[in-house]
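[1] here's a sequence, model it:
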Amino acid sequence: MLPSPLDLLAARGKTLVALLVLVLVLAAAVPVGAQAPPATAWQALMAERPEADDHTSISTLERRILQVLTPAQATAYAAGEDPEALVLANGETLASFLDRQRRLEASGLLYKPIVPCRVLDSRRIGPPLAVEEKLQLHLRGPATDYSRQGGENSGCGLPGLRGEVLRTNSARALMLSVETHDAAGLGSVELWPAGGARRPGIGLVSFGLGTGSRQMLVVAVCDEESVHPCQNGDLALALHGAAAHVVADVLGYFEPPWTAFAQEPKEHGPDDETPAALKSTGLWQQSGDDIYYTAGRVAIGTDTPEWTLSIAEALHARILLRSDDDGLSNEVGIGFSNLDGTEFFQIGLDDDGENAFHIGPKHLTSKYLTILSDGKVGINTKTPDMPLTIYGTAHLRSNNPNLRLTDKSVGETDPGYSWNVRNQNSAFKIYEGTRLNSPAFFIRSDGNVGIHTTQPDEVFQVEGNFKLSGNIVPIGDLCIGNCS
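    The predicted structure is shown next:
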C-alpha cells in the first residue's frame, strides 16, 4: 500500500510545485484493465478526487501548471528535471510558461475596495512606537482579530491564503490610509512586505511634530510561497526620526485576475479543436501574453455590470492609463471605432512631448481638440494662447443663442458688468446685463440697424442724441430736422 501523498509531502524537501506534481502522479496510479491514463496531471487529480467539485483550495496558478504537464512530465519534474527541458504541447518550455504566468500576474492585479477597516492603532496597545522599532503585522484572513495591534477584533474581510500545497497570499498589495499622532519630532513611517527586502523611498509616510500627517499609499505584502508562508507576518513597519503613534486603515486590496475569476479550468484533450496557443484561464482565455474574455460584460467593484465594462467604487471610481515609457512611444489613449475600423477617434496623450490632452483621429495624427496642462483649450489648434482658441469658423446654434461676456474682476454675478450678444427671432442684439428688450445695438432681419431702438425704419436709426467728431460727407441728399 502506498503511503499517504500528504505524508510524503511532509517528508520530502523538494520544491513545492514538484511535490504537488509528485502527489498527483502517485494518486493517479491506474490499475490494470482500467481506461487509458489521464492526459494531464490535472485530469489525474480529477480522476482521483472527483468528489472535490470545485477544488477551491488549489490556486488557479497551480491548476494552470497541472493542466499543461502530462503525467510523464510531472514524474520527470518531480525527479528534478530542469523546466527548460520540459516542452509542453504548444512547443513552449515549462520554464517559459512559469515566467509568463508570473509576468501576467505582475501586470494584471485587480483592485477590490472594502469598507475602511482599522488594522493598527498603537494608541490602544501602549506608548508611542520608538525610533527604529519594528512591527510585524498579520493582516490576511477575512475574520482575523487585529485587537492585539489595536485594530478591529472581527476582521476586515481580507482574503487569506490560496493553494493546497504551494500556498501564498491571495492579496498581493493593500491600499492603506496611514496617519501619525503625538509625534515627538520630524520622522517617517516605513512599510514593506514582511520577510522581503526594503525599497528605499517606497512606502514612506513623513510626519512632523505633533499630529503629523495622513497619507494613502499602496504597499505590497508578503508573497512567499511555501507550506506555511509568511510566518513573520504580511507587512513590516518601522519608525524613523522620532517616536510617534501610528494608525492604519485598510481601504482595499489587489489580487491577481485568476484569483478574482477562478473557476474550473477547461480541459484541452488531444481531440480538442482549440489552437494549442490558447489555454483557458478560468473565465479568461489566454493567447501568448494576452488574455481576453468574450462571454459577456465585465465589472470591477460591482456584481451588476450595466455596460461592457462597469466600474464602481465607494469613494471615487477612477481609471489610470500610463505609458511604459519604453523609449519608442509615450502615446496613451482610448480609441472609439466602428466595426470595420473606417471611423476611428482617439482621446488621450500624444507622444510629441507637449504634455497635452487631445481628441483626434487614430494615433492623434491631427488635433481636433487640445487641452494644455495650464487649462487652455484649442479647437483645430494644438497651441491655444487663450482660455479658448478656435482656428477657423465657429457656429453657435440653439433657440435664441446667446454669448455672454462678463468682467469677472468686478463681480461676475452683477448683471451690470456683463454684455450679451444674442440672436433672437432672427434679430441681432447687443445688450447690457438683463436688458434684453432695450438693446444698445440692434440689427433687424431686413438689415436695418438701430441704436437704442428695436424699430429702425431706416437703414440706420439712432434713438436719442449722438455726438459726431469729424465731417459728414453725404452722397445724395442730406436732411437734418423735419424732412418731407
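
[2] contacting residues for the residue lying closest to A183 once chain neighbours are set aside?
    Nearest residue to A183 in three dimensions, chain neighbours excluded: A244, at 3.8 Å (C-beta to C-beta, 6 or more residues apart in numbering). Quick note: C-beta positions are derived from backbone N, CA and C, even for glycine. Contact partners of A244, counting by C-beta atoms under 8 Å, 6 or more residues apart in numbering, are P128, L129, T180, H181, D182, A183, A184, G187, V189, F207, G212.

[3] which of those residues fall in strands?
    Among these, the ones falling in strands (DSSP state E) are T180, H181, G187, V189, F207.

[4] from those residues, which two are the most distant?
    H181 and G187 (12.5 Å; C-beta to C-beta).

[5] quick one: which of those two has more around it?
    G187 (22 against 17; other C-beta atoms under 10 Å).

[6] grab the nearest non-local neighbour of that one.
    Nearest to G187 is G241, by C-beta to C-beta, 6+ apart, at 2.8 Å.

[7] tell me how far that neighbour lies from L120.
    G241 is 19 Å from L120, where distance means C-beta to C-beta, to the nearest Å.

[8] who has more neighbours, those two?
    Taking neighbours as other C-beta under 10 Å, G241 and L120 compare with L120 leading, 24 against 17.

[9] would you turn the ones in strands among the contacts of A244 into CSV with distance to P456?
    Putting the ones in strands among the contacts of A244 into CSV (distance: C-beta to C-beta, whole Å) gives the following:
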residue, distance to P456
T180, 74
H181, 75
G187, 77
V189, 76
F207, 72
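
[10] from these, pick the one nearest L86.
    For the ones in strands among the contacts of A244, the nearest to L86 is V189 (45.5 Å; C-beta to C-beta).

[11] now do the same contact list for that closest one.
    V178, T180, L204, V205, F207, L237, A238, L239, H240, A244, V246 are the contacts of V189 under C-beta under 8 Å, 6+ apart.

[12] mind putting the residues you listed in JSON lines, secondary structure included?
    Below are the contacts of V189 laid out as JSON lines (DSSP: H, G, I helix; E, B strand; the rest coil):
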{"residue": "V178", "secondary structure": "strand"}
{"residue": "T180", "secondary structure": "strand"}
{"residue": "L204", "secondary structure": "strand"}
{"residue": "V205", "secondary structure": "strand"}
{"residue": "F207", "secondary structure": "strand"}
{"residue": "L237", "secondary structure": "strand"}
{"residue": "A238", "secondary structure": "strand"}
{"residue": "L239", "secondary structure": "strand"}
{"residue": "H240", "secondary structure": "strand"}
{"residue": "A244", "secondary structure": "strand"}
{"residue": "V246", "secondary structure": "strand"}
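
[13] tell me where the stretch 1-150 of the chain has helices.
    5-11, 16-27, 41-48, 60-68, 71-78, 94-107 (DSSP state H, counting those that start in this stretch).

[14] list the buried residues of stretch 380-388.
    T381, K382, P384 (16 or more other C-beta atoms under 10 Å).

[15] lowest pLDDT pick from those?
    Among these, K382 carries the weakest pLDDT, at 84.

[16] so who does that residue touch?
    E354, A356, H358, K367, T370.
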